[in-house]
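Undergrad: dropping the sequence and predicted coords here.
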Amino acid sequence: MGAVSESGPVGIEPGTVEDWLVHHIDGLSPPVEFTPIPGGHSNLTYLVTDRERQRVVLRRPPLGELLPGAHDMAREYRAISALGPTEVPVPVALGFCDDHDVTGASFYVMSFVEGHVLHNERVAVEVYGPESRHRVGLSLAETLAALHSVDVDAAGVGNLGRREDYVGRQLKRWFRQYDASRAMPVPLVDELYESLLQARPEQQKASLVHGDYRLGNCITDGDGEISAILDWEICTLGDPLADVGYMLVTWAEPGDEHQGISMAPSMAPGFATKGELLERYASASDLDLSQIRFYTAFNHWKSACINEGVYARYVKGQKPTAGVDVDAIGAAVEVQARLAAQVLES
């Protein structure tokens with residue numbers, strides 16, 4: 001059965017998906033409505049609302065040909081299932097479907113979590129005052145430290161991936177994906193690949209690593225606490241400092257010469273500084289953070305590779321472009337590569 005229906009949103013066959021939901025998700029009462037949730041550039045996410053106005057969330061891969069290993073719904077579902085009993089805040093895992101006849105791809109269903117997703121500075125100012133904005137940043141760092149303290153074997157994800165040389169494996173993986181996309185090649189990405197491979201520090205420990213840990217992938221509650229971490233599609237076992245570096249790369253602040261996200265929520269007055277985030281993480285961790293600049297350079301480079309893949313999906317028609325500045329996504333490839341080079345050389 002095809003993945004697109006004239007009577008439903010892109011990526012959803014309403015009849016077969018509703019039937020699956022009614023038989024596999026306790027408490028849902030048909031009919032159900034599917035409403036696309038905007039804001040992401042990767043997987044397709046929908047709010048599912050039933051007759052009693054109960055809400056759950058469904059996620060599936062984007063349409064079109066996918067790169068090997070990308071958009072792994074089973075991995076996302078396994079991660080939030082494993083973390084449910086821990087102190088790490090995640091939505092409740094409700095059900096997973098690997099029958100592509102239902103809607104053309106695997107998908108999973110999780111609970112709907114009330115709260116705010118701070119995609120940009122405007123939303124952050126509308127939702128929180130300066131004191132709460134400051135708390136958001138500290139909670140982001142504390143929650144990441146909690147994730148990295150999870151005993152992966154006890155949580156049941158000890159075999160999620162190889163534990164050693166995470167950064168080396170990530171460099172090779174993202175370069176392969178960048179090379180497979182290449183809608184707009186940037187030679188500096190190729191050059192940095194070799195430099196980063198040679199400069200990578202020795203990994204101190206293996207943790208469950210999110211891979212895309214930033215404020216835009218979290219839900220915050222009314223008090224500024226992180227109430228759920230979202231988007232686990234590239235999580236694996238590896239170097240926790242890679243997550244710390246990515247958190248810092250995406251935490252833009254006024255006057256920072258090494259930031260490429262001008263509309264980041266953290267640009268609003270009152271948010272904690274990068275230094276405060278790093279200090280709060282360090283207070284809850286026993287890791288040596290002296291090599292954190294390498295990890296920020298690595299994550300700028302990784303962001304360039306990710307943006308190349310996102311840009312390629314838009315220009316190939318695999319993602320709807322309404323309301324999306326596709327040219328800005330393409331331009332970000334070179335911006336992030338230049339930032340990686342600057343940090344690595346400083």
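TA: Perfect, I can see it now.

Undergrad: make it CA atoms for all contacts and neighbour counts henceforth
TA: OK.

Undergrad: give me the next element, helix or strand, following the strand or helix carrying Ser227.
TA: Secondary structure assignment for Ser227, by DSSP states H and E: strand 226-229. Downstream of strand 226-229, the next assigned helix or strand under DSSP H and E is strand 236-238.

Undergrad: show me what the strand holding Ser227 is packed against.
TA: With contacts taken as 3 or more Cα pairs under 8 Å, 6 or more residues apart in numbering; DSSP states H and E, strand 226-229 sits against helix 130-148, strand 218-220.

Undergrad: can you list contacts of the longest one?
TA: Translated: helix 130-148. Outside helix 130-148, the residues that touch it by Cα atoms under 8 Å, 6 or more residues apart in numbering are 87-89, 124, 207-209, 215, 220, 223-226, 240, 243-244, 269-272, 276-278, 280-281, 284-285.

Undergrad: restricting to C-alpha, output it in CSV.
TA: In CSV, the C-alpha atoms belonging to helix 130-148 read as follows (Å, rounded to 0.1, in the frame of the first residue of the first chain):
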residue,chain,number,x,y,z
PRO,A,130,14.3,35.8,32.3
GLU,A,131,14.4,33.7,35.5
SER,A,132,12.7,30.7,34.0
ARG,A,133,14.8,31.0,30.8
HIS,A,134,17.9,30.7,32.9
ARG,A,135,16.5,27.6,34.6
VAL,A,136,15.8,26.0,31.2
GLY,A,137,19.5,26.1,30.3
LEU,A,138,20.6,24.6,33.6
SER,A,139,17.9,21.9,33.4
LEU,A,140,19.1,21.1,29.8
ALA,A,141,22.7,20.4,31.2
GLU,A,142,21.5,18.5,34.2
THR,A,143,19.2,16.3,32.1
LEU,A,144,22.1,15.5,29.8
ALA,A,145,24.3,14.5,32.7
ALA,A,146,21.4,12.2,33.9
LEU,A,147,21.3,10.5,30.5
HIS,A,148,25.0,9.9,30.5
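
Undergrad: helix or strand right after that helix?
TA: helix 152-155.

Undergrad: for the following helix or strand past that following helix, name the packing helices and strands.
TA: Counting by DSSP H and E, the element after helix 152-155 in chain order, helix or strand, is helix 166-181. Helices and strands touching helix 166-181, as assessed by 3+ Cα pairs under 8 Å, 6+ apart, comprise helix 187-199, strand 236-238, helix 292-315.

Undergrad: gap between helix 166-181 and the chain center?
TA: With Cα atoms, centre = their mean, to the nearest Å as the basis, helix 166-181 stands 17 Å off its chain's centre.

Undergrad: would you mark the buried spots in that helix?
TA: For helix 166-181, a neighbour-count test (16 or more other Cα atoms under 10 Å) marks 166-167, 170-171, 174-175, 177-179, 181 as buried.

Undergrad: picking that back up, just name the most buried of the helices and strands packed on strand 226-229.
TA: strand 218-220 (a mean of 23; mean count of other Cα atoms under 10 Å).

Undergrad: who's in contact with it?
TA: Here strand 218-220 makes contact (Cα under 8 Å, 6+ apart) with 113-118, 136, 226-230.
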